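J.: Sequence plus the predicted model coming up.
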Amino acid sequence: MKLSNLLSTLDSQIPIAAVDVLSPDEATIIQWLTTETNNKLSCPVFFWNLGVSTLEQCLIAADGGLVFKPVTEYKKPPQADPLLFVFDYIANFSGHGVFILGDIHPFIAKNSPQLSWEILSKVKNLYHRLKPTDKRIVLLGQNIQLHESLVRLIPYCEVPLPSIDQILLHLNSYLRDLQQSAREQELAFTISLENAEFETLSRAALGLTLEEISDFLRLTVKENLTNDGVVVGADFIPKAVEYKTRLLSQMGIELGKPAIIPFGGLDLLHEWLTRRRRLFTQEARSLSLPQPKGVLLAGPPGTGKSHSAKNIASILNLPLLQLDIASLLGSLVGESEGNVKRALKTAEAIAPCVLFIDEVEKALSGQGDTSGVSQRILGTLLTFMAECTTGVFIVATCNDPSALPSEFKRKGRFDEAFFVDLPTEPERVKILGIHLERFGIQVQLEYLEAIAANTAKFSGAELETLASEAALLAFDEGRPQQVTLADLETCRQTITPLAITDAAAVERMQAWGAIRCLVNLGIQPVHN
């Protein structure tokens, strides 16, 4: 069900519906529902949750704002259970109206420790008994997951994050409201944004709710206010990005800048991506061409999988989001998958974009997970990957492909799986040379070739360590930026690569890559 169909659903003798909305926009939805109900159903709207001491009627003030008025007839006895009492009150209510019940879904949710069979039965009873009446209930909250016995009874809709067009309208409207308020206070309020800058500001705010955008505007206007007033100009755009970055980081999403990092051996992946770059354009969408889903990058640690994601975002010319699933894991049942779901919804709002999930096997392997959280997160991700059509390109990396569930790495889940192997000898020469150049060190090619010949099992990260140690050794001996072949050889002998210390695991990964990956790469990053 779409939110736009909510009123027609309630008007068609379906007495209970659920609306999943992000917390910042709950008041916005209540205001919208109150306005729509008054206009289309001509009945009052009431609000209740455990945080209020009474039932409140929702009213629209003369200025269009939302007002809550306590219902004097609602008198809960001190000893009565508040949730059971509000259900009884609605059942016995003699008039007509829409009752918005906030945050009661944990008591009627599947796998919830707060699940109450008494409350669940009350809801089912109300569903059947309110049908012939003019009383309706809207369950409102974030991450609503109804119990199996209610799923087929209660229609459910999820409020999406606003599109760029909705944000653009909101920006214009809200800035005019702020401008009018400033005039009433005899303050100068100048909007100096051109049309193109308004669109850029709207794109910068993608991924935020309308209420969060309003908060940003009020905060930034207040911070920029001087005795001469305030000017809303192009400088609001980077401030919007900074504000969004801070909010997203609290949700376990890092908003990164795509960057070209020098690599050795990126040609095959670069060619594969370049052929698909135009599929993210409006022209490709108008032709109904399929949107790329993403790639799985597997290989031993230190071979450059994580840095490849930043290069992929640059090659595709898309914004980069990094999803830290570990930071989204919560202690409450349903909290973890709810957090992941909101993060994916944010990526979908910002799309087209690259969504980078590092070391994905740690979240999906299920090792030591007795609560089923990993399986539910896997289900959330698989559903998103199957249904998302907005252009979210997922780049998932893993060190141990054997730990991934088979349904996640099966053919067709990703567009392609790439195995990021240990560098070849020519690549090791290039990697060492570029790392040493970071310290202003020039080493003869034959020296680099000699060391490269003796570092057959070194990863890109281990070669970086080798270059750093050699530079430090020369500096300690009073020869800054004068690294010799002996320095490199001395430091090489102090480093035992993972491909030796855990040879069986690395060989197992390489065998998997040779069989399961169409393209076998030696992608090696050079850190800036």
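T.: Great, that's in hand.

J.: rest of the way, CA atoms for contacts and neighbours
T.: Noted.

J.: For the stretch 201-350 of the chain, just list every one of the strands.
T.: 230-232, 253-256, 263-264, 294-298, 320-323 (DSSP state E, counting those that start in this stretch).

J.: Out of the ones you listed, indicate the one that is most buried.
T.: Across these, averaging neighbours per residue (mean count of other CA atoms under 10 Å) puts strand 320-323 on top, at a mean of 25.

J.: hang on, the earlier thing: take the strands of the stretch 201-350 of the chain and lay them out in TSV including mean pLDDT and distance to Ile60.
T.: What follows is the strands of the stretch 201-350 of the chain, written out as TSV (pLDDT from 0 to 100; distance: least, CA to CA, whole Å):
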stretch	mean pLDDT	distance to Ile60
strand 230-232	90	29
strand 253-256	79	36
strand 263-264	52	59
strand 294-298	88	46
strand 320-323	87	39
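
J.: need those in TSV with distance to Glu194, can you?
T.: Rendered in TSV, the data for those read as follows (distance: least, CA to CA, whole Å):
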stretch	distance to Glu194
strand 230-232	11
strand 253-256	26
strand 263-264	40
strand 294-298	36
strand 320-323	27
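
J.: closest one to Glu387 among those strands?
T.: Of all these, strand 294-298 sits nearest to Glu387, with 13.4 Å by CA to CA.

J.: Burial check on the closest residue to Gly207 other than its chain neighbours, number of neighbours?
T.: In space, not counting the residues next to it along the chain, Gly207 is nearest to Thr346; the distance is 4.9 Å by CA to CA, 6 or more residues apart in numbering. Counted with other CA atoms under 10 Å, the burial measure for Thr346 works out to 22 neighbours.

J.: Out of the strands of the stretch 201-350 of the chain, the one nearest Leu140 is which?
T.: Minimum separation from Leu140 across these (CA to CA) falls at strand 253-256, 25.2 Å.

J.: how deep is Gly229 tucked in, by neighbour count?
T.: Using other CA under 10 Å, Gly229 has 15 other residues around it.

J.: What's opposite it in the beta bridge?
T.: With beta bridges defined as DSSP bridges, Gly229 has these partners: Thr226.

J.: Mind pulling the model confidence for it?
T.: Residue-level confidence at Gly229 comes out at 86, pLDDT.

J.: my read: it touches Phe189, true?
T.: Yes: using CA atoms under 8 Å, Gly229 is in contact with Phe189, at 5.8 Å.

J.: Find me the pLDDT at Gly334, would you?
T.: The predicted structure scores Gly334 at 54 on the pLDDT scale.

J.: what does the one 4 residues further on give?
T.: According to the per-residue confidence, Gly338 scores 72 in pLDDT.

J.: List the residues that contact it.
T.: By CA atoms under 8 Å, 6 or more residues apart in numbering, the contact set of Gly338 is Asn143.

J.: Now stretch 460-477: buried residues?
T.: Counting neighbours by 16 or more other CA atoms under 10 Å, one finds that the buried residues in stretch 460-477 are 460-474.

J.: so how far is Leu355 from the nearest residue to Leu323 once chain neighbours are set aside?
T.: Closest residue to Leu323 apart from its sequence neighbours, by CA to CA, 6+ apart: Ile253 at 4.8 Å. For Ile253, the distance to Leu355 equals 9 Å [CA to CA, to the nearest Å].

J.: Mind listing the shared neighbours of the two?
T.: The contact lists of Ile253 and Leu355 share Leu321, Gln322, Leu323, where a contact means CA under 8 Å, 6+ apart.

J.: What residues are bridge-paired with the second one?
T.: Meaning Gln322. Each beta-bridge partner of Gln322 is listed here, defined by DSSP bridges: Glu254, Phe356.

J.: Surely it is in contact with Phe356?
T.: Yes: the pair Gln322 / Phe356 is scored as a contact, 4.6 Å apart, by CA under 8 Å.

J.: Show the pLDDT at Gly372.
T.: Residue-level confidence at Gly372 comes out at 68, pLDDT.

J.: nope, Ser459 is what I was after
T.: pLDDT at Ser459 comes out at 86.

J.: Figure out how far stretch 307-317 is from the centre of its chain.
T.: Its chain's C-alpha centre and that of stretch 307-317 lie 18 Å apart, by CA atoms, centre = their mean, to the nearest Å.

J.: Ile167: which element?
T.: Counting by DSSP states H and E, the element that carries Ile167 is helix 164-184.

J.: Give the buried residues for that helix.
T.: Neighbour counts using 16+ other CA under 10 Å place Ile164, Ile167, Leu168, His170, Leu171, Tyr174, Leu175, Gln179, Ala182 of helix 164-184 among the buried residues.

J.: okay, now Gly51: neighbour count?
T.: Counted by other CA under 10 Å, the residues lying close to Gly51 total 8.

J.: Can you pull the phi/psi pair for it?
T.: According to degrees, to the nearest 10, the main-chain angles of Gly51 amount to phi -90, psi -10.

J.: residue contacts, it?
T.: Gly51 neighbours (CA under 8 Å, 6+ apart): none.

J.: Start at 45, not 1
T.: Sounds good: first residue 45 from here, last item Gly95.

J.: Quick check: pLDDT value at it.
T.: Gly95 carries a pLDDT value of 90.

J.: got a list of what the residue lying closest to Leu231 once chain neighbours are set aside touches?
T.: The shortest distance from Leu231 to any residue that is not its chain neighbour, by CA to CA, 6+ apart, is 5.4 Å, and that residue is Gly273. Under the criterion of CA under 8 Å, 6+ apart, the contact partners of Gly273 comprise Leu231, Ala232, Phe233.

J.: Can you select the buried ones from the residues you listed in ChimeraX?
T.: Remark: buried members of the contacts of Gly273, expressed as a ChimeraX selection using 16+ other CA under 10 Å:
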select :231,233
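
J.: Among the contacts of Gly273, which one sits closest to Pro204?
T.: Nearest to Pro204 among the contacts of Gly273, counting by CA to CA, is Phe233 at 32.0 Å.

J.: What does that closest one show for phi and psi?
T.: Listed backbone geometry of Phe233 is phi -140, psi 110, with angles given as degrees, to the nearest 10.

J.: what sits against the residue lying closest to it once chain neighbours are set aside?
T.: On the basis of CA to CA, 6+ apart, the spatially nearest residue to Phe233 that is not a chain neighbour turns out to be Val274, at 5.1 Å. Under the criterion of CA under 8 Å, 6+ apart, the neighbours of Val274 are Ala232, Phe233, Thr234, Val265, Asn268.

J.: all helices for the stretch 395-544 of the chain, in order.
T.: Using DSSP state H, counting those that start in this stretch, the helices of the stretch 395-544 of the chain run over 405-408, 417-431, 450-453, 469-481, 489-497, 504-520, 529-536, 542-545.
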